[in-house]
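Q: Test case, fold it:
(4 chains, ligands or ions: 4)
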2 protein chains.
Amino acid sequence: MTDPVAILLRCGVRPTSQRVAIADYILGARSHPSADEILAHVKKTCPAISRATVYNTLNLLVEKGLVTTQILREGTVVFDPIVDNHHHFIDEQSGRIYDIPWEALRVSGTADLKGFDVRRFQVVLRGRRRR
Amino acid sequence: MTDPVAILLRCGVRPTSQRVAIADYILGARSHPSADEILAHVKKTCPAISRATVYNTLNLLVEKGLVTTQILREGTVVFDPIVDNHHHFIDEQSGRIYDIPWEALRVSGTADLKGFDVRRFQVVLRGRRRR
DNA sequence: TCTCTTTTTAGACCGTATCTAAATTCATGA
DNA sequence: TCATGAATTTAGATACGGTCTAAAAAGAGA
Ligand SMILES: [Mn+2]
Ligand SMILES: [Mn+2]
Ligand SMILES: [Zn+2]
Ligand SMILES: [Zn+2]
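A: Ligands and ions are numbered 1, 2, ... in the order given. Got it, this is the predicted structure:
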């Protein structure tokens, strides 16, 4: 089920045209966009939309567990439709953020840290994307 | 050699009173402070110091390789006197950031990622600090 | 259709970070 | 010692991300 209207309804969120436009974009996005990037994109199909609605809706989608926020860029949060554990690679040249599947890396030792109750973790990698 | 004046001189940076106060604080800090937290602290001994000087000096220290910036908190960069590879644990309750030694964890698979030239990485862990 | 609730909106507001231009400090050498 | 110019500091302006407010608009239910 990938229809944004159905997804919103299933979460008990009224599928207004603004929310549908935002959900339609972010739920399929692979680019880890910021709120302002989402606003710019959604304005193409919904020109009167306001910044407040974009922030309100994104925060609502986070609350409903449909997207996550990630702290990977300086100065702004980015939104991620992948809610399950995964890692991130940041291209230092372009700033683009790529998803790395959870199974692609193995991390050991997190359970042995004395004094730290680790609930979740991710590896943040930086370098250069090879074409 | 842990004298901030000597450290600044060795890097070719004129050790003004403002810079010494900032370097003295951040080079020994274990708390991953933001620029404004550093400003607040340094104002105690250097009350006339300006925000611009704190930012200028911190950026200079980063340029000289004496401290690093880390993107771990929403809305602000934090500064870290540990310039070598290490990991970070974030207490979700308090927001405090703890250093995890590089040797405490083992990460495998980073060299096998097709299409990604990994130059460096760190594990970002979240959970609850056990006293 | 009427009414009440939910949603959207513009713009104010706040925090972080940078920039600008003037003032100050400092090194240097006459 | 003093004059000069370069480096540094400063207050305040500017820019941008994000939240809040209060009023307008839209929608659901009677
Ligand atoms: Mn803005
Ligand atoms: Mn900002
Ligand atoms: Zn992701
Ligand atoms: Zn650290």
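
Q: Check which helix or strand the residue in chain A that ligand 4 sits nearest to maps to.
A: Distance from ligand 4 to each residue of chain A (Cβ to the ion) is smallest for A:Val124, at 13.1 Å. From N, CA and C alone the C-beta is placed, and that goes for glycine too. When secondary structure is defined using DSSP states H and E, the element that contains A:Val124 is strand A:116-129.

Q: what's near enough to touch the most centrally placed residue in chain A?
A: The geometric centre of chain A, computed from its C-alpha atoms, lies nearest to A:Asp80 (Cα atoms, centre = their mean), at 1.2 Å. With Cβ atoms under 8 Å, 6 or more residues apart in numbering or on different chains as the criterion, the residues that contact A:Asp80 are A:His32, A:Val67, A:Thr68, A:Thr69, A:Gln70, A:Asp99.

Q: just the buried members of those?
A: Neighbour-count burial within the contacts of A:Asp80 applies to A:His32, A:Val67, A:Thr68, A:Gln70; the criterion is 16 or more other Cβ atoms under 10 Å in any protein chain shown.

Q: Is there contact, residue-wise, from the one helix or strand the last one maps to to DNA strand C?
A: Taking DSSP H and E as the criterion, the element that holds A:Gln70 is strand A:68-73. No - using Cβ under 7 Å from any atom of the strand, strand A:68-73 never reaches DNA strand C; the gap is at least 11.6 Å.

Q: Can you name the element that comes right after that strand?
A: Using DSSP H and E, the helix or strand that follows strand A:68-73 in sequence is strand A:76-80.

Q: following that next one, which helix or strand comes up?
A: Where DSSP H and E defines the elements, the next helix or strand beyond strand A:76-80 is strand A:87-91.

Q: So which other helices or strands are in contact with that next one?
A: In this structure, strand A:87-91 packs against strand A:68-73, strand A:97-100, strand A:116-129, with contacts taken as 3 or more Cβ pairs under 8 Å, 6 or more residues apart in numbering or on different chains; DSSP states H and E.
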